[in-house]
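Chemist: model this:
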Amino acid sequence: MELAGPAAILTLRDFVRPLMELMTSLPQNEKVILVGHSYGGFCISLAMESFPEKVEVAVYVAAFMPRPKIPPALLLQEFLREIKLEASMNQKYTIDHNHDRGETDDYMAEKLYQNCPPEDLELAKMLPRPVKMFMEDLADESLLTEERFGSVERIFVVCGDDKLMEADFQRRMIDRSPPKAVKLIEEADHVAMLSKPHELCQCFEDIAKNCS
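Modeler: Below is the predicted model:
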(Lines give C-alpha, C1' and ligand atoms only; values in the text may rest on other atoms or scores of the structure.)
Protein backbone atom coordinates (compact mmCIF):
# COMPACT_ATOMS: atom_id res chain seq x y z
CA MET A 1 0.00 0.00 0.00
CA GLU A 2 1.07 3.58 -0.47
CA LEU A 3 2.88 4.96 2.55
CA ALA A 4 2.39 8.27 4.28
CA GLY A 5 5.21 10.78 4.05
CA PRO A 6 6.33 13.49 6.49
CA ALA A 7 4.21 14.54 9.44
CA ALA A 8 3.24 17.67 7.46
CA ILE A 9 1.04 15.47 5.25
CA LEU A 10 -2.15 15.76 7.27
CA THR A 11 -4.87 15.25 4.64
CA LEU A 12 -5.48 13.29 1.48
CA ARG A 13 -5.17 16.53 -0.48
CA ASP A 14 -1.69 17.02 0.97
CA PHE A 15 -0.81 13.47 -0.03
CA VAL A 16 -1.88 13.87 -3.68
CA ARG A 17 -0.61 17.44 -4.11
CA PRO A 18 2.49 16.46 -6.20
CA LEU A 19 0.25 14.56 -8.64
CA MET A 20 -2.21 17.44 -8.85
CA GLU A 21 0.60 19.92 -9.46
CA LEU A 22 1.92 17.73 -12.26
CA MET A 23 -1.51 17.54 -13.86
CA THR A 24 -1.92 21.30 -13.59
CA SER A 25 1.42 21.84 -15.32
CA LEU A 26 0.47 19.82 -18.41
CA PRO A 27 -0.25 21.80 -21.59
CA GLN A 28 -3.93 22.15 -22.37
CA ASN A 29 -3.85 19.73 -25.31
CA GLU A 30 -1.63 17.08 -23.68
CA LYS A 31 -3.01 13.85 -22.21
CA VAL A 32 -1.33 11.29 -19.98
CA ILE A 33 -1.83 7.67 -18.96
CA LEU A 34 -2.25 7.54 -15.19
CA VAL A 35 -1.16 4.42 -13.31
CA GLY A 36 -2.14 3.71 -9.72
CA HIS A 37 -0.96 0.81 -7.58
CA SER A 38 -2.67 -0.29 -4.36
CA TYR A 39 -3.69 2.83 -2.39
CA GLY A 40 -2.57 4.84 -5.43
CA GLY A 41 -5.87 3.92 -7.05
CA PHE A 42 -7.53 6.52 -4.85
CA CYS A 43 -4.93 9.08 -5.88
CA ILE A 44 -5.34 8.69 -9.62
CA SER A 45 -9.13 8.68 -9.15
CA LEU A 46 -8.92 12.15 -7.60
CA ALA A 47 -6.76 13.30 -10.51
CA MET A 48 -9.33 11.90 -12.96
CA GLU A 49 -12.05 13.86 -11.20
CA SER A 50 -10.06 17.10 -11.31
CA PHE A 51 -8.54 16.73 -14.79
CA PRO A 52 -10.64 14.32 -16.90
CA GLU A 53 -9.72 16.17 -20.08
CA LYS A 54 -6.02 15.47 -19.46
CA VAL A 55 -6.26 11.71 -18.85
CA GLU A 56 -6.15 9.37 -21.85
CA VAL A 57 -6.74 6.27 -19.73
CA ALA A 58 -6.32 5.28 -16.08
CA VAL A 59 -4.63 1.99 -15.21
CA TYR A 60 -5.31 0.33 -11.86
CA VAL A 61 -2.63 -2.22 -10.92
CA ALA A 62 -4.03 -4.28 -8.02
CA ALA A 63 -5.33 -0.90 -6.92
CA PHE A 64 -8.40 0.40 -5.16
CA MET A 65 -10.88 1.30 -7.89
CA PRO A 66 -13.69 3.37 -6.33
CA ARG A 67 -17.03 4.25 -7.92
CA PRO A 68 -18.73 7.60 -8.50
CA LYS A 69 -21.07 8.95 -5.83
CA ILE A 70 -20.01 6.29 -3.33
CA PRO A 71 -17.60 7.23 -0.51
CA PRO A 72 -14.25 5.59 -1.33
CA ALA A 73 -13.86 4.93 2.39
CA LEU A 74 -16.45 2.14 2.09
CA LEU A 75 -14.19 0.27 -0.32
CA LEU A 76 -11.19 0.71 1.96
CA GLN A 77 -13.19 -0.43 5.00
CA GLU A 78 -14.35 -3.52 3.12
CA PHE A 79 -10.76 -4.38 2.29
CA LEU A 80 -9.57 -3.82 5.85
CA ARG A 81 -12.30 -6.07 7.20
CA GLU A 82 -11.19 -8.83 4.83
CA ILE A 83 -7.63 -8.64 6.08
CA LYS A 84 -9.09 -8.51 9.61
CA LEU A 85 -8.08 -4.96 10.43
CA GLU A 86 -10.54 -2.45 11.80
CA ALA A 87 -9.94 1.15 10.72
CA SER A 88 -10.93 4.32 12.52
CA MET A 89 -10.73 7.82 11.12
CA ASN A 90 -7.17 8.88 10.26
CA GLN A 91 -5.63 6.00 12.19
CA LYS A 92 -2.02 5.10 11.41
CA TYR A 93 -0.58 1.62 10.98
CA THR A 94 2.80 0.14 10.32
CA ILE A 95 3.04 -1.71 7.04
CA ASP A 96 1.88 -4.96 8.67
CA HIS A 97 -0.19 -3.40 11.44
CA ASN A 98 2.33 -4.58 14.07
CA HIS A 99 5.30 -2.97 15.76
CA ASP A 100 7.53 -6.03 16.07
CA ARG A 101 10.26 -5.96 13.42
CA GLY A 102 10.35 -9.73 13.02
CA GLU A 103 6.60 -9.87 12.45
CA THR A 104 6.90 -7.02 9.97
CA ASP A 105 9.58 -8.86 7.99
CA ASP A 106 7.53 -12.07 7.96
CA TYR A 107 4.42 -10.23 6.81
CA MET A 108 6.27 -8.55 3.96
CA ALA A 109 7.81 -11.85 2.88
CA GLU A 110 4.49 -13.72 2.96
CA LYS A 111 1.96 -11.09 1.82
CA LEU A 112 3.71 -8.42 -0.25
CA TYR A 113 6.97 -9.60 -1.82
CA GLN A 114 6.61 -13.39 -1.85
CA ASN A 115 7.43 -13.67 -5.58
CA CYS A 116 10.04 -10.92 -5.71
CA PRO A 117 13.81 -11.45 -5.92
CA PRO A 118 15.35 -11.85 -2.43
CA GLU A 119 17.38 -8.68 -2.79
CA ASP A 120 14.24 -6.61 -3.37
CA LEU A 121 12.63 -8.08 -0.26
CA GLU A 122 15.73 -7.31 1.81
CA LEU A 123 15.69 -3.72 0.61
CA ALA A 124 11.99 -3.42 1.36
CA LYS A 125 12.56 -4.62 4.93
CA MET A 126 14.65 -1.50 5.51
CA LEU A 127 11.88 0.88 4.45
CA PRO A 128 8.60 0.23 6.34
CA ARG A 129 6.89 3.36 7.66
CA PRO A 130 3.53 4.17 9.23
CA VAL A 131 0.56 4.06 6.88
CA LYS A 132 -1.94 6.92 6.98
CA MET A 133 -5.32 5.92 5.57
CA PHE A 134 -7.06 9.34 5.39
CA MET A 135 -10.30 7.50 6.06
CA GLU A 136 -12.19 10.64 7.07
CA ASP A 137 -11.29 12.39 3.79
CA LEU A 138 -12.33 9.34 1.79
CA ALA A 139 -15.73 9.30 3.50
CA ASP A 140 -16.95 12.16 1.27
CA GLU A 141 -19.46 10.80 -1.26
CA SER A 142 -18.96 13.85 -3.49
CA LEU A 143 -15.28 13.13 -4.15
CA LEU A 144 -15.96 11.36 -7.46
CA THR A 145 -18.68 12.14 -9.99
CA GLU A 146 -19.99 10.25 -12.99
CA GLU A 147 -19.64 13.35 -15.16
CA ARG A 148 -15.89 13.79 -14.59
CA PHE A 149 -14.26 10.72 -13.00
CA GLY A 150 -16.74 8.47 -14.77
CA SER A 151 -15.89 9.90 -18.19
CA VAL A 152 -12.31 8.58 -18.13
CA GLU A 153 -11.58 5.12 -19.54
CA ARG A 154 -10.15 2.65 -17.04
CA ILE A 155 -8.09 -0.53 -17.35
CA PHE A 156 -7.48 -2.93 -14.49
CA VAL A 157 -4.39 -5.13 -14.16
CA VAL A 158 -5.11 -8.11 -11.92
CA CYS A 159 -2.18 -9.46 -9.93
CA GLY A 160 -3.12 -13.12 -9.78
CA ASP A 161 -0.93 -14.18 -6.84
CA ASP A 162 -1.51 -11.12 -4.68
CA LYS A 163 -1.69 -12.26 -1.04
CA LEU A 164 -2.63 -8.81 0.28
CA MET A 165 -5.30 -7.57 -2.15
CA GLU A 166 -6.37 -11.00 -3.24
CA ALA A 167 -7.64 -11.70 -6.75
CA ASP A 168 -11.22 -12.21 -5.51
CA PHE A 169 -11.27 -8.69 -4.09
CA GLN A 170 -9.80 -7.29 -7.30
CA ARG A 171 -12.42 -9.12 -9.37
CA ARG A 172 -15.19 -7.84 -7.13
CA MET A 173 -14.18 -4.23 -7.85
CA ILE A 174 -14.09 -5.04 -11.56
CA ASP A 175 -17.55 -6.62 -11.50
CA ARG A 176 -19.07 -3.67 -9.67
CA SER A 177 -17.70 -1.09 -12.10
CA PRO A 178 -16.44 -2.79 -15.27
CA PRO A 179 -13.45 -1.04 -16.85
CA LYS A 180 -12.73 -0.86 -20.56
CA ALA A 181 -10.35 -3.84 -20.31
CA VAL A 182 -8.90 -6.26 -17.78
CA LYS A 183 -5.39 -7.71 -17.97
CA LEU A 184 -4.06 -10.55 -15.84
CA ILE A 185 -0.52 -11.23 -14.65
CA GLU A 186 -1.01 -14.63 -13.06
CA GLU A 187 2.14 -14.94 -10.94
CA ALA A 188 2.42 -11.31 -9.88
CA ASP A 189 2.35 -10.66 -6.15
CA HIS A 190 1.18 -7.33 -4.73
CA VAL A 191 4.39 -5.63 -5.86
CA ALA A 192 4.07 -6.55 -9.53
CA MET A 193 6.65 -3.99 -10.60
CA LEU A 194 9.27 -6.13 -8.85
CA SER A 195 7.87 -9.66 -9.09
CA LYS A 196 6.84 -9.45 -12.77
CA PRO A 197 8.42 -6.28 -14.20
CA HIS A 198 8.62 -7.44 -17.80
CA GLU A 199 5.01 -8.60 -17.92
CA LEU A 200 3.82 -5.37 -16.32
CA CYS A 201 5.88 -3.31 -18.73
CA GLN A 202 4.34 -5.23 -21.64
CA CYS A 203 0.88 -4.38 -20.29
CA PHE A 204 1.79 -0.71 -20.27
CA GLU A 205 3.23 -0.89 -23.79
CA ASP A 206 0.08 -2.54 -25.10
CA ILE A 207 -2.10 0.07 -23.42
CA ALA A 208 0.00 2.92 -24.82
CA LYS A 209 -0.14 1.48 -28.34
CA ASN A 210 -3.92 1.26 -28.18
CA CYS A 211 -4.06 4.90 -27.15
CA SER A 212 -1.87 6.15 -29.98
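
Chemist: mean confidence for the helix or strand containing residue 81?
Modeler: Element membership for residue 81, per DSSP states H and E: helix 72-82. The average pLDDT within helix 72-82 is 95.

Chemist: now do stretch 28-46
Modeler: 97.

Chemist: list the buried ones in it?
Modeler: When burial is assessed from 16 or more other CB atoms under 10 Å, stretch 28-46 yields the following buried residues: 34-46. C-beta: built from backbone N, CA, C; applies to glycine.

Chemist: now do the same end-to-end measure for that stretch.
Modeler: 19 Å (CA to CA, to the nearest Å).

Chemist: sorry, back to before: mind listing what's buried in the helix holding residue 81?
Modeler: For helix 72-82, using 16+ other CB under 10 Å, the buried residues are 72-73, 75-77, 79-80.

Chemist: Is it possible to get CSV of those residues that adds distance to residue 123?
Modeler: Putting these into CSV (distance: CB to CB, whole Å) gives the following:
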residue, distance to residue 123
72, 30
73, 32
75, 30
76, 27
77, 31
79, 26
80, 27
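
Chemist: Identify the farthest-apart pair in those residues.
Modeler: Spatially, the most separated pair among those is 72 and 80, at 12.7 Å (CB to CB).

Chemist: could you pull out the helices for the chain?
Modeler: Ranges of helices in the chain, per DSSP state H, are 12-25, 40-50, 72-82, 101-107, 118-125, 135-138, 167-176, 192-195, 197-211.

Chemist: Can you spell out which helices and strands pack onto the third one?
Modeler: This points to helix 72-82. Using 3 or more CB pairs under 8 Å, 6 or more residues apart in numbering; DSSP states H and E as the contact test, the elements touching helix 72-82 are helix 40-50, helix 135-138, helix 167-176.

Chemist: Return the member of the buried residues of helix 72-82 nearest to residue 62.
Modeler: Nearest to residue 62 among those, with distances taken as CB to CB, is residue 79, at 11.3 Å.

Chemist: What score does the residue nearest to the closest one when sequence neighbours are not counted have for pLDDT?
Modeler: In space, residue 79 comes closest to residue 169 once its chain neighbours are excluded; the distance is 6.4 Å by CB to CB, 6 or more residues apart in numbering. In the predicted model, residue 169 carries a pLDDT score of 98.

Chemist: what does residue 1 give?
Modeler: Value for residue 1, per-residue pLDDT: 41.

Chemist: Can you tell me the centre-most residue of the protein?
Modeler: residue 38 (2.6 Å; CA atoms, centre = their mean).

Chemist: Lovely, talk soon.
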